[in-house]
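Novice: Predicted model follows, preceded by the sequence.
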Amino acid sequence: MTKIAAALVLTVALPGFAAPAAPCAAIDDDTARLRCYDEAAGRKPVAKPAASAPAPGAPPAPLIADATPSASDLGSRWELDAGTKAPLFTFRPHKQNYLLAITHTDSVNKAPYQSTLDALAGAGLVAPGSAPIDPTESAFQLSFKTKLWEGLISDRADLWAGYTQRSFWQVFNGDVSAPFRDTNYEPEAILALRTDMDVLGLKWRVLNLGLVHQSNGRAEPISRSWNRIYAEFAFERGPFTLAIRPWYRLKEDAADDDNPDITKYMGRGDLVATWKAGRHQFGLLARHNLSSGYGAAQLDWSFPLIGALRGYAQVFTGYGYNMLDYNHRQTLGGIGVLLTDRF
């Protein structure tokens, strides 16, 4: 009798636990069954934060975050990484594209024009010994490349064609009608071989094998030209990029060689290093003969200006600033704007 009374008391005092036990136990779904017991016990469900709705038109969030690093500068320029490939014959930057609005040299090269100067002096147009060349001028470079053949040897080899043009404009020299002092033309063919090897803490991304012609398209006595084959080893690590390019000059007949000693001054290769520091980029170009003692160095700095337009400063010292001045030593500086950098 006592047990029956206790059961009646519990049934009246705790209806939430006794009465719904059988109905909750009959629910198959785990979540619904747990909710049933919570409601029977008088517990309120904890509200979960609502998931933020994706912006209209936004792609759905990936199930797994993409851990693939963004394409490197070398990877983008030579189409080495996933997502960087463009259709054949798409134009890409090759070397720098810039306009130096003003440059100034500490030493004007009079030698190439000496015969012209003598003739002008004889006609009384220019004082004897002076040069109709202003040490202050403008210069610009246009450089692009395009892929001609993808997978030439394997899926790791592509054939490219490149073109670079540098012009030196006596725009401030109104006494001689502001002519272009010299223009250098440089077409080349490049076989790019993807490597992706770790070398001394750097990632060796690509080996470029090239055939390049460079000339100024002038007649004697100021004609300049040479042909080379080269191998360019391009490395990177984070914001640092390094390209080492030894070359070999192809021999010409002595009667056709405008500048037989050009290797003595222009060297047997070059080295280009770049470093990105935020939105600023610094560059070094160095050449040396390694036997004659002649060489050159160029320092670059590009910085944000307006929108995609970047400011550009350049300092050069040594031999070979251009084809006409290949055997003339000078130091010069310039300031202007940059459209695209080396890498």
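Specialist: Structure's in. What do you need? Numbering: from 1, shown residues only.
Novice: in its sheet, what does the top strand by length along the chain sit against?
Specialist: As assigned by DSSP state E, the longest strand anywhere in the chain is strand 180-199. According to DSSP bridges, strand 180-199 has the following sheet partners: strand 157-169 (antiparallel), strand 202-215 (antiparallel).
Novice: JSON lines for the ones you listed, including mean pLDDT, mean neighbour count and distance to residue 89?
Specialist: (Each C-beta comes from the backbone N, C-alpha and C, glycine too.) Formatted as JSON lines, these follow (pLDDT from 0 to 100; neighbours: other Cβ atoms under 10 Å; distance: least, Cβ to Cβ, whole Å):
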{"stretch": "strand 157-169", "mean pLDDT": "97", "mean neighbour count": "19", "distance to residue 89": "9"}
{"stretch": "strand 202-215", "mean pLDDT": "97", "mean neighbour count": "18", "distance to residue 89": "19"}
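Novice: Can you lay out those strands as a markdown table showing distance to residue 293?
Specialist: Converted to a markdown table, the strands paired with strand 180-199 look like this (distance: least, Cβ to Cβ, whole Å):
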| stretch | distance to residue 293 |
| --- | --- |
| strand 157-169 | 25 |
| strand 202-215 | 23 |
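Novice: Residue 247 is nearest to which of those strands?
Specialist: Nearest of the strands paired with strand 180-199 to residue 247, taken as Cβ to Cβ: strand 202-215 at 7.9 Å.
Novice: ok, and what's touching the closest one?
Specialist: Outside strand 202-215, the residues that touch it by Cβ atoms under 8 Å, 6 or more residues apart in numbering are 72, 74-75, 78, 80, 184-198, 223-237, 240, 242, 245, 247, 323.
Novice: How much space separates residue 95 from residue 200?
Specialist: Per Cβ to Cβ, to the nearest Å, residue 95 is found 26 Å from residue 200.
Novice: between the two, who's got more neighbours?
Specialist: Higher neighbour count among residue 95 and residue 200: residue 95, with 20 against 7, using other Cβ atoms under 10 Å.
Novice: May I ask which helix or strand encompasses that one?
Specialist: For residue 95, there is no enclosing helix or strand under DSSP states H and E.
Novice: Give me the distance between it and residue 105.
Specialist: In terms of Cβ to Cβ, residue 95 sits 21 Å off from residue 105.
Novice: Report the buried members of the contacts of strand 202-215.
Specialist: Buried subset of those (neighbour count, 16 or more other Cβ atoms under 10 Å): 72, 74-75, 78, 80, 184-186, 188, 190-195, 224-226, 228, 230, 232-236, 242, 245, 247, 323.
Novice: in the stretch 51-200 of the chain, which spans are strands?
Specialist: Assigned by DSSP state E, counting those that start in this stretch, the strands in the stretch 51-200 of the chain fall at 91-93, 97-105, 136-150, 157-169, 180-199.
Novice: Can you add distance to residue 24 and give those strands back as a markdown table?
Specialist: Converted to a markdown table, these look like this (distance: least, Cβ to Cβ, whole Å):
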| stretch | distance to residue 24 |
| --- | --- |
| strand 91-93 | 68 |
| strand 97-105 | 75 |
| strand 136-150 | 66 |
| strand 157-169 | 68 |
| strand 180-199 | 61 |
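Novice: between those strands, which gets nearest to residue 111?
Specialist: Residue 111 lies closest to strand 180-199 among the strands of the stretch 51-200 of the chain, at 13.2 Å (Cβ to Cβ).
Novice: what angle sits between the closest one and strand 136-150?
Specialist: Interaxial angle of strand 180-199 relative to strand 136-150 (axes from the mean of the first three to the mean of the last three Cα atoms, to 10 degrees): 50 degrees.
Novice: Out of the strands of the stretch 51-200 of the chain, the one nearest residue 276 is which?
Specialist: Residue 276 lies closest to strand 91-93 among the strands of the stretch 51-200 of the chain, at 15.6 Å (Cβ to Cβ).
Novice: roughly how far out does the closest one sit from the chain middle?
Specialist: Taking Cα atoms, centre = their mean, to the nearest Å, one finds the center of strand 91-93 at 11 Å from the center of the full chain.
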